[in-house]
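1. the amino acid sequence is not available; the structure is as follows:
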């Protein structure tokens with residue numbers, strides 16, 4: 001799911017959709033309006049699920065989509081290799097998520113994890 005907003009309302013640390021991929025905003029830079037043009041904004045972001053860097057330059061009053069990112073909790077049912085089968089704590093649905101390399105020691109069978117979900121994609125993301 002996504003909603004529409006103006007570029008001038010974007011802030012660092014929030015989310016934006018660039019190239020149909022939800023991204024976390026790293027920096028927002030505004031330029032002054034010129035003699036014949038409107039003020040522009042440059043938004044640099046990093047993909048939430050693929051980690052690639054993306055940027056856009058558009059007028060500050062242009063519309064852009066922002067993903068609705070949900071943070072949820074789940075219980076780990078089983079672990080097979082680098083994939084964990086988890087059950088959502090709210091609606092008890094089960095699904096599989098890949099375990100990131102840096103979280104392999106923290107994800108344990110029977111333990112609780114937190115994950116993010118946006119635009120039909122999910123990823124394990126635990127806070128320190």
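-> Yep, that arrived. As the structure is a computational prediction, the values presented were derived from the model and not from experiment.
2. any idea how far the most centrally placed residue in the chain is from residue 57?
-> Residue closest to the average C-alpha location in the chain (CA atoms, centre = their mean): residue 48, at 3.7 Å. Taking CB to CB, to the nearest Å as the measure, residue 48 falls 21 Å from residue 57. Using the backbone N, CA and C atoms, a C-beta is placed for each residue, glycine as well.
3. then residue 46?
-> Computed as CB to CB, the residue 46 to residue 57 distance reads 17 Å.
4. same question for residue 68.
-> 25 Å.
5. cool, and residue 124?
-> 33 Å.
6. who has more neighbours, those two?
-> It is residue 124, of residue 124 and residue 57, that has more neighbours when counted by other CB atoms under 10 Å, with 19 against 12.
7. look up phi and psi at that one.
-> phi -70, psi 130 (degrees, to the nearest 10).
8. check residue 86 too.
-> phi -130, psi 160.
9. beta partners for it?
-> As for beta bridges, residue 86 partners with residue 76, residue 95 under DSSP bridges.
10. ok, it - contacts?
-> Residues near residue 86 by CB atoms under 8 Å, 6 or more residues apart in numbering: 74-77, 94-97, 113, 115.
11. quick one, what contacts the residue nearest to residue 30 when sequence neighbours are not counted?
-> Of all residues not flanking residue 30 in the chain, residue 41 sits nearest, at 5.2 Å (CB to CB, 6 or more residues apart in numbering). Taking CB under 8 Å, 6+ apart, we find residue 41 in contact with 7-8, 10, 28-31, 57-60.
12. and if we set it to 7 Å?
-> 7-8, 28-30, 58, 60 (CB atoms under 7 Å, 6 or more residues apart in numbering).
13. which of those sits closest to residue 20?
-> Proximity of the contacts of residue 41 to residue 20 (CB to CB) peaks at residue 58, which lies at 16.0 Å.
14. list the beta-bridge partners for that closest one.
-> For residue 58, the beta-bridge partners are residue 41 (DSSP bridges).
15. that one and residue 71: what is the separation?
-> Residue 58 is 28 Å from residue 71, by CB to CB.
16. settle it for me: which of these two has more neighbours?
-> Neighbour totals were compared for residue 58 and residue 71, and residue 58 leads with 15 against 11 (other CB under 10 Å).
17. cool, thanks, signing off.
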